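Peer 1: The following block contains a protein sequence and its predicted model.
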Amino acid sequence: MVRVGIINYGVSNLGSLINAFRRVGSEPVIVNEPGEIMNVNAIVLPGVGSFDAAMSRLDKFKDALTGVRGSTPILGICLGLQVMFEGSDEGSLSGLSWYPGRVSRLRGPRVPHIGWDLVKAVKPCELLNDDGYFYFMHSYAVINPGNEVPYSGITHYGGDNILSVLCDEGALTFGVQFHPEKSSRNGLGVLRRFIELTRK
């Protein structure tokens, strides 16, 4: 059974995420210390909270995450996707800087953006190949990503394209702006495919 290490950096209620990963046939475990990363088959960066709070608590994990990136699949969810970039307008701390660009405040008709919305699959990705509706809950996002960012799914909101799915298959690094654990069958499908690609 695939052991999924959910990084505990104190910015999320992990219960629903743990239950979702159990439903797709994996063994979720909470990772509290960097050394525990070596004992899992895949890594999840969860996140509901502020950028600076996440980065201050993620600091002790940075070297370990960078060390396994490319050999261990990583999935960032919501804030967990945002911390992969250089920084955020929400705070002053630097992100992991795995990808160029910054996270910006949404300019949509309602902020925060809460509820179901369409994710358009614009490039092939093992995580998501078809358009579908998913549950969002956020005020910040990577807006109008350029070609230097390996995105595969976008959501149109307030005249902008929000990066909804990051798909860097070469680095085994993935991210979603929506919450798959709150997205019913479509969300479980994303988590199931993440487990499947981990098994390869």
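Peer 2: That came in fine, so what should we check first? Residues are numbered from 1 along each chain as shown.
Peer 1: Near L96, how many other residues are there?
Peer 2: 19 (other CB atoms under 10 Å). Where C-beta positions appear, they are placed from N, C-alpha and C, glycine not excepted.
Peer 1: Is it correct that D52 is in contact with G87?
Peer 2: No: the pair D52 / G87 is not scored as a contact, 9.8 Å apart, by CB atoms under 8 Å.
Peer 1: These two: who's more crowded?
Peer 2: The residue with the greater number of neighbours, taking D52 and G87 and applying other CB under 10 Å, is G87; the counts read 19 against 14.
Peer 1: on that earlier part again, any common contacting residues for D52 and G87?
Peer 2: When contacts are counted by CB atoms under 8 Å, 6 or more residues apart in numbering, the set common to D52 and G87 consists of L93.
Peer 1: what packs against the longest helix anywhere in the chain?
Peer 2: The helix that spans the most residues within the chain, counting by DSSP state H, is helix 184-199. In terms of contacts (3 or more CB pairs under 8 Å, 6 or more residues apart in numbering; DSSP states H and E), helix 184-199 is packed against helix 15-23, strand 42-45, strand 132-138.
Peer 1: tell me which residues in that helix are buried?
Peer 2: Using 16 or more other CB atoms under 10 Å as the test for burial, helix 184-199 gives 186-195, 197-198.
Peer 1: Look up phi and psi at the residue nearest to P34 when sequence neighbours are not counted.
Peer 2: Among residues not flanking P34 along the chain, A64 sits closest, at 3.8 Å (CB to CB, 6 or more residues apart in numbering). Phi and psi for A64, reported as degrees, to the nearest 10, are phi -70, psi -40.
Peer 1: Cheers, nothing more for now.
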